[in-house]
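> Fold the following, please.
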Amino acid sequence: MSKTMWKRAGISLTAVAVIAGVAGCGTESGNKERSVTQVLTAAHKNTAAAKSAKVSLTMKGTDGTAAGEKMDMKMSGVLGWDPMVMDMTMTGMKDLTDGTDKARMVWLNDVMYIDMGTKSAQQMDGKRWMKMDLGAMAKMSGDPELQKQMTGGMEDMSQDPSQQLALLLDSPNVKKVGEEKIDGVNTQHYQGTLTFEEMMKSSLDLLEKKERDELKAKMKASKMKGFDTEVWVNEDDYPVKMNVTMNFPEGKGKLVTSAVYSDYGTKASVKAPPVSQTADLMELFQKIGDLGKEMKDREDFGSQSQS
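Residues are numbered from 1 along each chain as shown. Coordinates of the predicted model:
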């Protein structure tokens, strides 16, 4: 496997890991005569119950890590939650596959698969899909900072998207901005902010205690300063669009995600690629490590023989 191939395989793992962490969002219909809390509560319930939707999103900014990985990508496809699955095409990850910035990504059972393309397959015994078990890879690395970044991204990916609406509902300044049309659909526009300190003190009543505790633990580990959230809700109490700005500590910038949703409840038929077409990145790393150890042992043996 060439150095170029390794570079492609390893590029922006942390950035990829946070992709779905900010992707997502959600009973009465017709929200014009109800309070902000009533509308957003209904949207939260609908979103949690739908468990899947088609989504088109953009992400711009930094990933909040020490490296400050720059992100500017687009994704579209099917996203499911409870359990977390996705089958999406992403653009903007330069040199990820065959020297292009376009790739298909599948997420299933806490494992990520990326279609590396036909040219890359020639360097991987004809296997065009790369399997990335981020949790196992982070543990194998032995690097605490890398482990925190990668497993933190996995935790974000497992987050129920309706939790974003729960956070918005807990904002002390959530308000209705006005009425707008999004892709020809009549919507009500709401926005609010929530600092990290406010979130830690909040009740998040719509979530179960376990969900509240897990969400707060994730936010604490991420060292985020807080969220700025905007949501556009249609007459059936489903979010049509959501913008979420994740504000990181000083010097680490922010990440802005804008997502447009449709076809709530669409069947998320996500399947892992065939084993015969899949290369396990962790196994490849292990083989490289074993080869390096063997070469070192030979060098040491040669040195001892000469002496």
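
> show me where the stretch 101-250 of the chain has strands.
Using DSSP state E, counting those that start in this stretch, the strands found in the stretch 101-250 of the chain span residues 102-108, 111-115, 129-132, 175-182, 185-195, 226-234, 239-247.

> Out of these, which is closest to V275?
For V275, the closest of the strands of the stretch 101-250 of the chain is strand 129-132, at 9.3 Å, according to CB to CB. Just so you know, the C-beta spots here come from the backbone N, C-alpha and C atoms, and that holds for glycine as well.

> Return the list of helices and strands in contact with that closest one.
Taking 3 or more CB pairs under 8 Å, 6 or more residues apart in numbering; DSSP states H and E as the contact definition, the neighbouring helices and strands of strand 129-132 are strand 111-115, strand 278-280, helix 281-306.

> Tell me which of the strands of the stretch 101-250 of the chain sits nearest to A268.
Of the strands of the stretch 101-250 of the chain, nearest to A268 by CB to CB is strand 102-108, at 9.9 Å.

> now T278, which residues is it bridged with?
Taking DSSP bridges as the rule, T278 bridges to W129.

> ok, it - contacts?
Residues near T278 by CB atoms under 8 Å, 6 or more residues apart in numbering: Y113, K127, W129, M130, K131, A272.

> Count the neighbours of the fifth one for me.
Right, the one you point to is K131. Here the number of neighbours of K131 (other CB atoms under 10 Å) works out to 20.

> Distance of the residue nearest to it when sequence neighbours are not counted relative to D133?
Residue nearest to K131 in three dimensions, not counting chain neighbours: D280, with 4.7 Å by CB to CB, 6 or more residues apart in numbering. When distances are taken as CB to CB, to the nearest Å, D280 and D133 turn out to be 8 Å apart.

> and what of G192?
Summarising the geometry, the distance separating G192 from D133, computed by CB to CB, is 36 Å.

> ditto for V39
40 Å.

> So those two - more neighbours on which side?
A count of neighbours by other CB under 10 Å puts V39 above the other of V39 and D133, at 22 against 18.
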